[in-house]
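>>> quick one, fold the following:
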Amino acid sequence: MQQRGRVLEEYVVMQAQVGEPRAYAQLVALRGPKLLAHATRLLGDQEDARDMVQEAWVEILRGLKGLREPSAFAAWSTRIVTRRCARFIGKQIKRRELGEQLWSHGQIEPEKHAHDEGEAHTVRAAIAQLPPAQSATIALFYLEEMSVTEVAIALDIPRGTVKTRLMHARDRLRHALKGEIDE
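Okay, the predicted model is just below:
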């Protein structure tokens with residue numbers, strides 16, 4: 001099923017590259033939710049993430065004709081969102097340093113679990129507790145099913161860094177979930 005989705009996305013990218021108006025809306029519908037989820041993982045705030053993804057779409061659609069490999073669209077568009085989020089975070093840090101705006105102290109609050117919400121919820125909650133770089137890396141690799149190379153492109157980091165982040169994230173998840181989920 002995942003492969004079919006990628007083939008469809010690749011076809012829609014090619015249609016958009018030749019100027020088919022409906023293809024742009026289809027691209028936003030296909031990739032938009034995944035880009036929003038990625039930005040939300042990086043920023044921890046859905047409203048800020050929505051703004052960054054909206055800005056990224058302008059850049060994505062303008063640069064689409066220059067994309068040589070339509071199959072690289074997922075990683076390429078994710079990298080654009082990653083860079084937008086990084087710039088946003090940089091501006092927030094500068095504001096904090098200048099005393100213009102105080103950053104809230106609460107990062108991601110631990111989720112309150114009901115008795116039986118299922119293993120998937122527990123794993124997602126544990127992923128949310130990871131540092132943002134590890135959370136984004138593990139989510140792209142496992143939840144978005146991107147390869148190490150695609151994750152490296154999406155996050156604009158070396159492949160070795162992706163592997164290191166995955167290793168550390170797996171260790172943290174293993175420790176956090178020990179006793180939570182029995183095999």
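
>>> buried stuff in the helix or strand bottoming out on mean pLDDT in the chain?
Here the helix or strand of the chain ranked lowest by mean pLDDT, DSSP states H and E is helix 119-128, holding a mean of 77. If you call a residue buried by 16 or more other CB atoms under 10 Å, then helix 119-128 has these buried ones: Thr122, Val123, Ala125, Ala126, Ile127, Ala128. C-beta here means a position set from N, CA and C on the backbone, and glycine is covered the same way.

>>> just give me the closest of those to Gln46.
Of all these, Gln46 sits closest to Ala128, with 12.7 Å by CB to CB.

>>> how about the biggest helix by length in the chain: buried residues?
When the chain is parsed with DSSP state H, its longest helix is helix 73-98. Applying a neighbour-count criterion of 16+ other CB under 10 Å, one finds 73-82, 84-85, 88-89 buried in helix 73-98.

>>> could those residues be laid out in CSV, adding pLDDT?
As requested, the buried residues of helix 73-98 are exported to CSV (pLDDT from 0 to 100):
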residue, pLDDT
Phe73, 95
Ala74, 92
Ala75, 93
Trp76, 95
Ser77, 95
Thr78, 94
Arg79, 93
Ile80, 95
Val81, 94
Thr82, 92
Arg84, 92
Cys85, 89
Phe88, 86
Ile89, 82
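
>>> tell me which residue lies nearest the centroid of the chain.
Computing the C-alpha centroid of the chain and ranking residues by CA atoms, centre = their mean puts His38 first, at 2.1 Å.

>>> which stretches in the protein count as helices?
Under DSSP H, the chain gives helices at 2-17, 21-43, 46-63, 73-98, 119-128, 132-138, 148-155, 159-177.

>>> helices or strands up against the fourth one?
Packing partners of helix 73-98 (3 or more CB pairs under 8 Å, 6 or more residues apart in numbering; DSSP states H and E): helix 2-17, helix 21-43, helix 46-63, helix 148-155.
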